[in-house]
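Visitor: Fold the following, please.
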Amino acid sequence: MGNGDTRVRGIAARAGGWSARHRWAAVGIWVLFVVLAMGLGSAAGRVDVKDSEQMGGETRTAARIIEDAGIDEPAGETVLIQAKDGELTATDAEFRAAVTAVVEAVEGTGKVTGVTSPYRTKTISKDGRSALVQFDMRGEADTAVERIEPVLKAVEGVQEEHGSLRIEEIGGASMMKTYDDAFGDDFQKAEYSAVPVALGILLVAFGALVAALVPVALAITAIMATMGLMGLVSHLQPMSDTANSVMLLVGLAVGVDYCLFYLRREREERAAGRDAQTALRIAAATSGRAIVVSGVTVCVAMAGMLFTGIAEFEAMGLASLMVVAVAMVGSVTVLPALLSLLGERVEKGRVPFLRRRRRQGAEEGSRFWTAVLRRVLAKPVLAAAVAVGALLAVAAPAVGMKTQNLTLDQEFGDALPIVQTYNRVNEAFPGGSDPAEVVVKADDINAPEVRAALADFRERAVSSGASRGPVGITMHDEQNVALIHVPLVGGSDQDKAGESLDTLRDDVRPATLGKVDGVEAPITGQVAGNKDFNDQLIGSVVPVFAFVVVFAFLLMLLSFRSLTVAITSIVLNLLSVGAAYGILVAVFQHGWGASLVGAEGVGAIVTWLPLFLFVILFGLSMDYHVFVVSRIREARLRGRTTRDAIQHGVVTTAGVVTSAAVIMVAVFAIFGTLSMQSMKQMGVGLAAAVLIDATVIRGVLLPAVMALLGERNWYLPKWLHRLPDLTHDETPEAVAPAARDDEGERVGV
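Guide: The predicted structure is shown next:
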């Protein structure tokens, strides 16, 4: 097969060519980069997001005051003592004996401080059947979970001695201990299982162990390098464990996909008779370029999270952006070098049975998509109408989407005993388990007018109906700070508790503390934190949406020099995201088919998920779109009609898109198996969207729309001709005259 000299343009083609010629240098540079990134990141250490940076609004202000004052709030714990049969009350001798036993038992552990009796603090329910013993854990709150077990056992011992009473402990440390015992390895196991799942699917796709290992190895090294970079970058933008997990999820998905695109094109060219060098050059100029366009688009989408103003989202966005960039660079540099080094050895470790099944599956898949495309292209109007109608029907439930931060019972169900304890405490003492906290900062916290305002606030908080009490005040005289704890009426009912919070903020505070000059009194707590988080997130939706859509549009316009392709890309991606939203609402808000995914309808979608899904899905959808449209445009440039180019592009990419989609769906579905409802929602939403995107969108709607548009697919107004030319590296003038495919068409290298 002839391989004449060619003029190669484009960064992907040049990078691939250099790497193939300087194989050991390219591999050595990559290994050095990964080692240096990990080493420097480990030496620098990672700075995590602080509590004062987690939220916005008053919650952030309150956290800043506490942090600046150097106040270390201990981990608070509560023991509920409640009559089981309703006959005993707090005035009975047996009940009093149980309270005394609890106080003595927890004090006897030496792990607690500030133990208070309900008879002194008046923490007895209105019906007299329930009472609360409250105390704090000694030491730092962050490590309290390590010291809570002796206290839990002491409370269990008292319970065994008083069978007629329900004696249960709840608090930050005890809840964390319960979660760690029940779900501690849940998330970590999902992360670790994602790699063997991806490897197994690649083994089936390629039928050879070495070929399957290459994408996984590249993805893992990209993740390792990014972990190191996160340590360095965290000194400018703090990171978090959540950002680390999202980075791993995204890194594995795009890292494997990019390598899969590149490797399948190289194998395809070699199967067509190209020699190894030519096959690599064609893969670099085509799939390599598609990877760069896709990678930059995904990076832009991830950068949208930086506009939220929420530190956790900013950390997730930056971490995801970095891993995509690293995976993209690795795919167009070290991957060609590895393929050049391996040569025919990339087929080592063949699995005969899998290899036969792969060939049969590829043929069946090709025949399947050929049959689908024949019908779609024969009646594009009908195909487009049916596809759009189906997607809009699936997306319809999203119109009624309700978002909120899930309560404990929504997140975990009532299977855990501590969730039942949480509900009992809230029923007996509305808001007692999640009180609002007013952080009062004054020039002199003991000034008479400040003291009077504190007392007035305590009284009005109850008289206004926002709380049923007891309202506790903790003074920090040296720091001139007072902390007011206000149980909110509504308890675990987020809507009612939110109304109580609004009463405190809008009515009670201005009438009391707000009248004293120089006093700051932000109100925080779980309910307040949820509200402030929601408000900030809602406020960031428009700028994030605008940034992602506008920049994705511009990138597609520059990459394909087609106004039509840019517009259809955005519309199709939005349809894909809308369908994912509809599935989420149907399954997790309304409960339709929830049991099929091991979930239940909880009446709401977790607040952070819609924006997170939009950014992630909009970026990942571009993987398939860029890859398919690039192949269609490549065929069109070689002289095929637009209709033939569509069929050629979709059918030839069907195998790799299917393999990539199966990997993504499998990895995301793993997270749908986790116990937490928020993780189920994320996993199911991502998996459903990718599945829809790779089948209905890319297999039916895209070819139907492009067939209807015909030559208008490549329309670019004259006034836009001055735009930078970032089009396909594989242009007619770069085609080697001697290189022709099996159909006699010239093939660019």
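Visitor: So residue 469 is in contact with residue 462, correct?
Guide: Yes - using C-beta atoms under 8 Å, residue 469 is in contact with residue 462, at 5.0 Å. Where you see a C-beta, it was placed from the backbone N, CA and C, and this is true even at glycine.
Visitor: Spatially nearest residue to residue 590 (excluding sequence neighbours)?
Guide: residue 601 (5.6 Å; C-beta to C-beta, 6 or more residues apart in numbering).
Visitor: Please read the previous query as pertaining to residue 314.
Guide: Using C-beta to C-beta, 6+ apart and skipping residues adjacent in sequence, the residue nearest residue 314 is residue 306, 5.3 Å away.
Visitor: give the contact list for that neighbour.
Guide: Applying C-beta atoms under 8 Å, 6 or more residues apart in numbering, one finds that residue 306 lies in contact with 313, 314, 317, 318.
Visitor: Buried residues in the helix or strand where residue 552 lies, which are they?
Guide: Residue 552 belongs to helix 526-560 when assigned by DSSP states H and E. Neighbour counts using 16 or more other C-beta atoms under 10 Å place 526-534, 536-537, 540, 544-545, 547-549, 551-552, 555-560 of helix 526-560 among the buried residues.
Visitor: any weak-confidence spans in the stretch 251-400 of the chain?
Guide: 352-366 (pLDDT under 70).
Visitor: what ranges do the strands span in it?
Guide: Assigned by DSSP state E, counting those that start in this stretch, the strands in the stretch 251-400 of the chain number zero.
Visitor: Which stretches in it count as helices?
Guide: Under the criterion DSSP state H, counting those that start in this stretch, helices of the stretch 251-400 of the chain are mapped to 276-285, 287-303, 311-332, 334-342, 352-378, 380-395.
Visitor: Now do the shortest one: which elements does it pack against?
Guide: Here helix 334-342 touches helix 11-21, helix 23-44, helix 209-233, helix 241-271, helix 276-285, going by 3 or more C-beta pairs under 8 Å, 6 or more residues apart in numbering; DSSP states H and E.
Visitor: Check the last one too.
Guide: The contact analysis (3+ C-beta pairs under 8 Å, 6+ apart) places helix 380-395 against helix 563-584, helix 702-709.
Visitor: To residue 121, which of those lies closest?
Guide: Shortest distance between residue 121 and those, using C-beta to C-beta, is found for helix 563-584: 43.3 Å.
Visitor: tell me the mean pLDDT for the helix or strand following that closest one?
Guide: Of the helices and strands lying after helix 563-584 in sequence (DSSP H and E), the nearest is strand 605-606. Strand 605-606 shows a mean pLDDT of 86.
Visitor: and the angle for the helix or strand following strand 605-606 with helix 287-303?
Guide: With elements assigned by DSSP H and E, the helix or strand that comes after strand 605-606 is helix 609-637. Inter-element angle recorded for helix 609-637 and helix 287-303: 160 degrees (by axes from the mean of the first three to the mean of the last three C-alpha atoms, to 10 degrees).
Visitor: who touches stretch 647-654?
Guide: 268, 365-366, 368-370, 373-374, 377, 627-629, 631-635, 640, 698-699, 702-703.
Visitor: nearest residue to residue 684 other than its sequence neighbours?
Guide: Setting aside the residues directly before and after it, residue 684 is nearest to residue 672 in space (C-beta to C-beta, 6+ apart), at 4.5 Å.
Visitor: same check, this time on residue 372
Guide: Spatial nearest neighbour of residue 372, excluding adjacent residues (C-beta to C-beta, 6+ apart): residue 699 at 6.2 Å.
Visitor: Residue 85: what secondary structure?
Guide: Per DSSP: H, G, I helix; E, B strand; the rest coil, the local secondary structure of residue 85 is coil.
Visitor: so it touches residue 164, yeah?
Guide: Yes - taking contacts as C-beta under 8 Å, residue 85 lies within contact range of residue 164: 6.7 Å.
Visitor: so which strand or helix has residue 439?
Guide: With DSSP H and E as the test, residue 439 turns up in strand 436-441.
Visitor: just the CA coordinates of that strand, formatted as PDB?
Guide: Listed next in PDB are the C-alpha coordinates belonging to strand 436-441 (Å, rounded to 0.1, in the frame of the first residue of the first chain):
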ATOM      1  CA  ALA A 436     -31.100  26.800  64.100                       C
ATOM      2  CA  GLU A 437     -28.000  28.500  65.500                       C
ATOM      3  CA  VAL A 438     -27.800  32.200  65.800                       C
ATOM      4  CA  VAL A 439     -24.100  33.400  66.000                       C
ATOM      5  CA  VAL A 440     -24.200  36.700  67.800                       C
ATOM      6  CA  LYS A 441     -21.000  38.900  67.500                       C
END
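Visitor: got the contact list for that strand?
Guide: For strand 436-441, the external contacting residues (C-beta under 8 Å, 6+ apart) are 61-62, 65-66, 69, 450, 454, 457, 480-488, 500-501, 504, 509, 513, 519-525, 527-528.
Visitor: one step back: the helix holding residue 552 - contacts with which helices or strands?
Guide: If you count contacts as 3+ C-beta pairs under 8 Å, 6+ apart, helix 526-560 packs onto helix 57-69, helix 287-303, strand 403-404, strand 436-441, helix 494-503, helix 563-584, helix 609-637.
Visitor: mind running it again at 7 Å?
Guide: helix 57-69, helix 287-303, helix 494-503, helix 563-584, helix 609-637 (3 or more C-beta pairs under 7 Å, 6 or more residues apart in numbering; DSSP states H and E).
Visitor: For the fourth one, C-alpha coordinates in PDB please.
Guide: When you say that, I think you mean helix 563-584. The C-alpha coordinates for helix 563-584 follow below in PDB (Å, rounded to 0.1, in the frame of the first residue of the first chain):
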ATOM      1  CA  LEU A 563     -23.200  27.300  11.900                       C
ATOM      2  CA  THR A 564     -25.700  24.500  11.400                       C
ATOM      3  CA  VAL A 565     -23.600  21.800  13.100                       C
ATOM      4  CA  ALA A 566     -23.000  24.200  16.000                       C
ATOM      5  CA  ILE A 567     -26.700  24.900  16.500                       C
ATOM      6  CA  THR A 568     -27.800  21.200  16.100                       C
ATOM      7  CA  SER A 569     -25.100  20.100  18.500                       C
ATOM      8  CA  ILE A 570     -26.500  22.400  21.300                       C
ATOM      9  CA  VAL A 571     -30.100  21.500  20.600                       C
ATOM     10  CA  LEU A 572     -29.400  17.700  20.600                       C
ATOM     11  CA  ASN A 573     -27.400  17.900  23.800                       C
ATOM     12  CA  LEU A 574     -30.100  19.900  25.500                       C
ATOM     13  CA  LEU A 575     -32.700  17.200  24.500                       C
ATOM     14  CA  SER A 576     -30.400  14.600  26.000                       C
ATOM     15  CA  VAL A 577     -30.100  16.500  29.300                       C
ATOM     16  CA  GLY A 578     -33.900  17.100  29.400                       C
ATOM     17  CA  ALA A 579     -34.600  13.400  29.000                       C
ATOM     18  CA  ALA A 580     -32.200  12.600  31.800                       C
ATOM     19  CA  TYR A 581     -34.100  15.100  34.000                       C
ATOM     20  CA  GLY A 582     -37.400  13.600  33.100                       C
ATOM     21  CA  ILE A 583     -36.200  10.100  34.100                       C
ATOM     22  CA  LEU A 584     -34.900  11.400  37.400                       C
END
